[in-house]
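[1] Build the 3D model from these lines:
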Amino acid sequence: MISFGEINFCSSALSRTITVYSMVQLRKDSTYKMSYVDALQLADKTAKQYQISLGSDTLPRLLLRNLAVPNQNPANNLQQISHLIDDQRSLAITYTGRIIISLCDQCVRIEARNLTLRAPKNIIIEHNLNENETNLQQLLERITRYGKDRNVQLLQLIDLNLLSSQSAYDEKKIFETLKERYDEYAAYHRSLIVYDLDSLIGVNKSESESSMGRSSNSSVVNQNIYTYVRARFREAVIEATVSPNDAQRVEKWTIAVTREPFLLRQFCVDVGFTQTKHEEDEMEDERRKSEDLIQCVKCRDFYIENENKMGSCTHHDGFIYDNASADLAYYSLNEATLYLCKIESEAMSNSDRRDAVEREKNKFKWICCGATLQSGAGSTGGCKKGKHGFTDECRRSQQRRNQRQPMQRLDQDMIMEWETACRQVYNDQWIELMRYRN
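    Have a look, this model is predicted:
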C-alpha cells in the first residue's frame, strides 16, 4: 500500500538522508557526485524505515532491480510508458476506471467511453508493455506512473504477498484482509487498487485422453476470491464533472493483472469488460466455426468446422476414367453423372437398348480404387476416410466466413481445383494403365 500523504512525509526524511550522506562523501572525496543508484539505495532504506512498500518490495528496490535488465535505460522506460491523462482536445472520451493488464498479450487495456457517437459506447485504449515488463513487480513502475497521472491519494496492491504478510491463510482471515484494504481504498476520493489474479485466484489445468484425441480443461481454483474480486472490479467509477481538474472529483480505479489466457477471457466475460476489435473478430470466427455449414468438395456433404474430425469424410481421392475407351478418357464426376443420367433416360424410352445401357453403365471406373461409378445414392461414399475439406477449400472457407455467409456451397472453381489435385496424384498410375493396355 502507498499513501501519497505518507510519501510526502517520507520525502522530507529522504531529503535529510541524502543531505547527510552527501556531506559525508564530500569530506572523503571533494569531487563526489551522487549517482542514480546511490539515490535509489537511500530511498529504499528510507521506504523500509517508514514501511512504505508495494507488494513484497519498495518502489526504489523495484527500480534497482530493473536496472539489472540489459539494455534498459530508466529514462527511456519512462518515455515509453503511455500516460493515463485526459485528452483536453477530446473530452468526449472518458475513462470508466477499469484496466486489465495482460502479460500474455503484453498490453494494457484501458476501458473508456466514447460520447461522440449518437449511441455512446465503450471502447478500449491499448498501451503496449515494455520488453522488461514481464511480471507484476516490474509493472509497478508503470502503475505508479498511472497513479501519478490521475493524482491518486492511495495505491493498493492486493496479491499473495499481502495475504502472507497479514498471516491470512484461512478463508475468514483472507476476506477480512481484503475487506480492510478495500475499505481504505474506498475512503479516498482518488484511489487505485491492483489485483494480482494469478496469485489470488489461480488456474487449475488438466489433460485427458479420449478416442477424439487429447483435450485440456482449465478452471478457477479459488472460486470465492474470484467472486469477490469480480464484484469489486465492477465497482470502479469515474465521476463526470464539468472541470476535469476538480480536486473533489471521485475516481476509483481498479486494475486486474494476469498472464493466464483462460483467466483473462473468463474474467473479461464475467465483469462485462469491453472487447477489443481483435477479440470481437475471434469470437465471431469461433461462432461461425461452430454454426456455419460448409459443403465439402470431396464428399459433397455439409459439415461444421468444429465438428470436423478424422474419419468423418468418406470420399474418392482419384478421378474417373472411361474403361471402355482406347485412350481411357478422363471424366469429371459431373460429366460422368450427366452421361449416366442420359443413357438411363434412353433405356426408359427404348426398351430394346436396356441390355446395352446396363453394360455401358459399368464403364466408368475410379482410378484410386478401381470401383465402378454408381448413379444416384450409390455414388456417395468412397475408398478413403479423412477430414472434410482440403487446403484451398479451407482458405476459401475463411474468406467466406469473413463475408458472413452462413451456408457455404461449392463453386465451380473449387471443384476444378480439387479435381486437378486428384489428377496430379494419380496421373502416373493412369499413364501406367494406358501402357499396359497398349
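[2] so what's the backbone phi/psi at S167?
    phi 50, psi 40 (degrees, to the nearest 10).
[3] Find the nearest non-adjacent residue to it, please.
    In this structure, S167 finds its nearest non-sequential neighbour in K173, 6.9 Å apart by Cβ to Cβ, 6 or more residues apart in numbering. Heads up, the C-betas are built off the backbone N, CA and C, glycines and all.
[4] Assumed the one you found was part of a helix.
    Yes: under DSSP: H, G, I helix; E, B strand; the rest coil, K173 sits within a helix.
[5] Could you give the number of residues near it?
    For K173, the neighbour count with other Cβ atoms under 10 Å is 13.
[6] likewise D196?
    Neighbours of D196 (other Cβ under 10 Å): 25.
[7] hmm, back to that, how much space is there between the residue nearest to S167 and A47?
    26 Å (Cβ to Cβ, to the nearest Å).
[8] just I415 next, same as before
    I415 is 72 Å from A47, by Cβ to Cβ.
[9] Among those two, which residue is more densely surrounded?
    A47 (23 against 16).
[10] other SSEs contacting the host helix or strand of the more buried one?
    Using DSSP states H and E, the element containing A47 is helix 36-49. Under the contact criterion of 3 or more Cβ pairs under 8 Å, 6 or more residues apart in numbering; DSSP states H and E, helix 36-49 touches helix 4-28, helix 59-67.
[11] out of the ones you listed, deepest packed?
    Highest mean neighbour count of those: helix 59-67, a mean of 18 (counted as mean count of other Cβ atoms under 10 Å).
[12] Alpha carbons only: can I get that one in CSV?
    What follows is helix 59-67, C-alpha atoms only, in CSV (Å, rounded to 0.1, in the frame of the first residue of the first chain):
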residue,chain,number,x,y,z
LEU,A,59,9.4,1.0,-5.3
PRO,A,60,13.1,2.1,-5.2
ARG,A,61,14.1,-1.6,-4.8
LEU,A,62,12.0,-2.4,-7.9
LEU,A,63,13.7,0.3,-9.9
LEU,A,64,17.1,-1.0,-8.8
ARG,A,65,16.1,-4.5,-9.9
ASN,A,66,15.0,-3.2,-13.3
LEU,A,67,18.4,-1.6,-13.8
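[13] ok and that helix relative to helix 36-49, angle-wise?
    140 degrees (axes from the mean of the first three to the mean of the last three Cα atoms, to 10 degrees).
[14] average pLDDT across helix 59-67?
    For helix 59-67, mean pLDDT is 75.
[15] which strands and helices sit next to that helix?
    helix 36-49, helix 74-80, helix 136-149.
[16] Tell me how far the first one lies from the chain's centre.
    If I follow you right, that is helix 36-49. How far helix 36-49 lies from its chain's middle: 40 Å, per Cα atoms, centre = their mean, to the nearest Å.
[17] tell me which residues in it are buried?
    Within helix 36-49, the residues scored as buried using 16 or more other Cβ atoms under 10 Å are 40, 42-44, 46-47.
[18] can you check stretch 150-169 too?
    So stretch 150-169, judged by 16+ other Cβ under 10 Å, has buried residues 150, 152-159, 161-163, 168.
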